[in-house]
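Asker: quick one, what's the 3D model for this:
(chains A and B)
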Protein chains: 2
Amino acid sequence: MDIQAVDQFAQQLIKEAARRIRESFSYDLHVETKSSDSDLVTNVDRETELFFIEQIKTFDATHRILAEEGMGEQVTDLTGVVWVIDPIDGTMNFVKQHRHFMISVGVLVDGVGKLGYIFDVMREDLFHAIAGVGAWYNGTPLRKLENLTIEQSVIGINARWVTENKYVDYEQVSKLVRTVRGTRSYGSAAMEIAFVVSGKLDAYMSMRLAPWDIAGGVIIANEVGAVTSTLAGEPVQFLQSNTFIIANPSIHPILLDQYIHLLPRD
Amino acid sequence: MDIQAVDQFAQQLIKEAARRIRESFSYDLHVETKSSDSDLVTNVDRETELFFIEQIKTFDATHRILAEEGMGEQVTDLTGVVWVIDPIDGTMNFVKQHRHFMISVGVLVDGVGKLGYIFDVMREDLFHAIAGVGAWYNGTPLRKLENLTIEQSVIGINARWVTENKYVDYEQVSKLVRTVRGTRSYGSAAMEIAFVVSGKLDAYMSMRLAPWDIAGGVIIANEVGAVTSTLAGEPVQFLQSNTFIIANPSIHPILLDQYIHLLPRD
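Answerer: Modelled structure (predicted):
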């Protein structure tokens, strides 16, 4: 695979998809409920995914696409080139706020992340990385993350995980919330990951994220020294949903050891 | 007071102050700790406040200024024209994120809010209102807020208030977090208030806010039908810090009655 050529194609494709999404605001949105009231999906989401599939297949018919709406082929292994795509990460923000939603794209070759993109559709901000080469924010190199303490950290975490839940000991998470300098929650995993790789947040964690929520971000994270894993400290998988954490390397082990206590699952 | 003239002056002043803040990013920031580690204050914050004071006094020497850094005269009553100003609301975002911080300005006449402004410095987004006339987002009229249920709501609340604290029964707040469609936290009270008046959030609450955090927003809220009060349901005061809630009118009473249980204070 010609990485430079795919990178150039991917950047153009993402920016064109974003332009189409922005234009859609002139039409009324048709919103339906998916698995729950919290999980909104729109026509625009689906149309954007179809646009990605069509364009990528035209670029190279051997590339496969694993995406949120599941409108591509079934992807059950990661051999060859696989694009992992969330056409709109932060659907509720899209519908309600008309901002704070991202296009997230990761390109894997035989299961290894090679290209990562997070694009803020309304700001037209691009975070991207080429594995082993570097990471950029709108073309400017992103710096390696600097060390800091838990007490100096600002952490992305949804208030939901500070209440009783089936994933983690919420009392330990409460202790974390009282220890750090501050917490934030933006309603888009890709946005929070983009903020960690650029030092705007120092960690972000969630109890259930799908591959398309994180693939682009994990590839960018590697280039700036941010550590990604499941909350059990295991490597992130791109074929299944799991818990997820991305953190500044100086606090990742402390967060897992001292504050994240996974509850036993049935 | 010629409201139209003061409004025109205020808008120009805020935009000029914002331009100066954006320019300051070319210099290194000198950051010192104020009352606590979470409470950062910068040279830019102080310089911006001095700029406001100087310009307002030149415009009309009888106007008084109540502002966060306390660099104007002592304001212990609200007779005459009082400007209530936060030159940078969201200082930690300013330092760490270079975005998501606001200029917040309220103009009171004999204690009654007449003009309100929240300006997103980096986006150059202006939310503003003239009491009894209307409210606008970048010149476009803001709509009256539409009714919705608690379950449909997205609420701005810091995870800190979902942990044990001396202000409210955190178990009731936890119940709220599990009931609503989603929560958000942006680290700037003025930003969250601006999101409520424009329907991007449906409520925002905090356990301790100062007059300059909320004055601009409260005046805008009145014009779109958003309800503001303390968490005890009392009117907001502009001379002291207090608890604070702004909410869509259809959920304000439910939030106070069913989810916010203030703890007895010594």
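Asker: do you have the helices of the stretch 1-150 of chain A handy? List them.
Answerer: A:3-24, A:43-59, A:91-97 (DSSP state H, counting those that start in this stretch).
Asker: now these in TSV, with mean neighbour count and distance to chain B?
Answerer: Every residue, glycine included, has its C-beta placed from N, CA and C. Compiled in TSV, these are given as follows (neighbours: other C-beta atoms under 10 Å in any protein chain shown; distance: least, C-beta to the nearest C-beta, whole Å):
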stretch	mean neighbour count	distance to chain B
helix A:3-24	16	15
helix A:43-59	18	17
helix A:91-97	22	4
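Asker: what would these look like in a markdown table with mean pLDDT?
Answerer: Output for the helices of the stretch 1-150 of chain A, formatted as a markdown table (pLDDT from 0 to 100):
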| stretch | mean pLDDT |
| --- | --- |
| helix A:3-24 | 96 |
| helix A:43-59 | 94 |
| helix A:91-97 | 90 |
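Asker: what residues are up against the residue lying closest to A:V227 once chain neighbours are set aside?
Answerer: Leaving aside its sequence neighbours, A:V227 sits nearest to A:H252 (C-beta to C-beta, 6 or more residues apart in numbering or on different chains; 4.1 Å). A:H252 is in contact with A:A203, A:V227, A:S229, A:I245, counting by C-beta atoms under 8 Å, 6 or more residues apart in numbering or on different chains.
Asker: out of those, who's nearest chain B?
Answerer: Using C-beta to the nearest C-beta, A:A203 comes nearest to chain B of those, at 13.0 Å.
Asker: beta partners of the closest one?
Answerer: A:A203 has these beta-bridge partners by DSSP bridges: A:I155, A:A247.
Asker: that one contacts A:I150, correct?
Answerer: No: taking C-beta atoms under 8 Å as the definition, A:A203 is not a contact partner of A:I150, at 9.3 Å.
Asker: who touches both of the two?
Answerer: A:I251, A:L255.
Asker: out of these two, which sits in the more crowded spot?
Answerer: In this view A:A203 and A:I150 are compared by other C-beta atoms under 10 Å in any protein chain shown, and A:A203 has more residues nearby, 25 against 18.
Asker: where does the more buried one land on pLDDT?
Answerer: For A:A203, the model assigns a pLDDT of 98.
Asker: how about the contacts made by it?
Answerer: A:A203 touches A:S153, A:I155, A:G156, A:V196, A:I245, A:I246, A:A247, A:N248, A:I251, A:H252, A:L255, counting by C-beta under 8 Å, 6+ apart.
Asker: any idea how far it is from A:Q74?
Answerer: Separation of A:A203 from A:Q74 (C-beta to C-beta, to the nearest Å): 34 Å.
Asker: rewinding a little: I'd like the helices of the stretch 1-150 of chain A laid out as CSV, including distance to B:P141.
Answerer: Formatted as CSV, those follow (distance: least, C-beta to C-beta, whole Å):
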stretch, distance to B:P141
helix A:3-24, 22
helix A:43-59, 26
helix A:91-97, 18
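Asker: to A:W83, which of the ones you listed lies closest?
Answerer: helix A:43-59 (5.8 Å; C-beta to C-beta).
Asker: list the helices and strands the closest one packs on?
Answerer: Helix A:43-59 sits against helix A:3-24, strand A:64-67, strand A:81-89, helix A:91-97, with contacts defined as 3 or more C-beta pairs under 8 Å, 6 or more residues apart in numbering or on different chains; DSSP states H and E.
Asker: contact partners of the longest one?
Answerer: Okay, so that is helix A:3-24. So helix A:3-24 is in contact with A:44, A:47-48, A:51-52, A:55-56, A:59, A:81, A:87-88, A:103, A:105, A:107, A:114-115, A:117, A:119, A:121-122, A:124, A:126, A:128, A:130, going by C-beta under 8 Å, 6+ apart.
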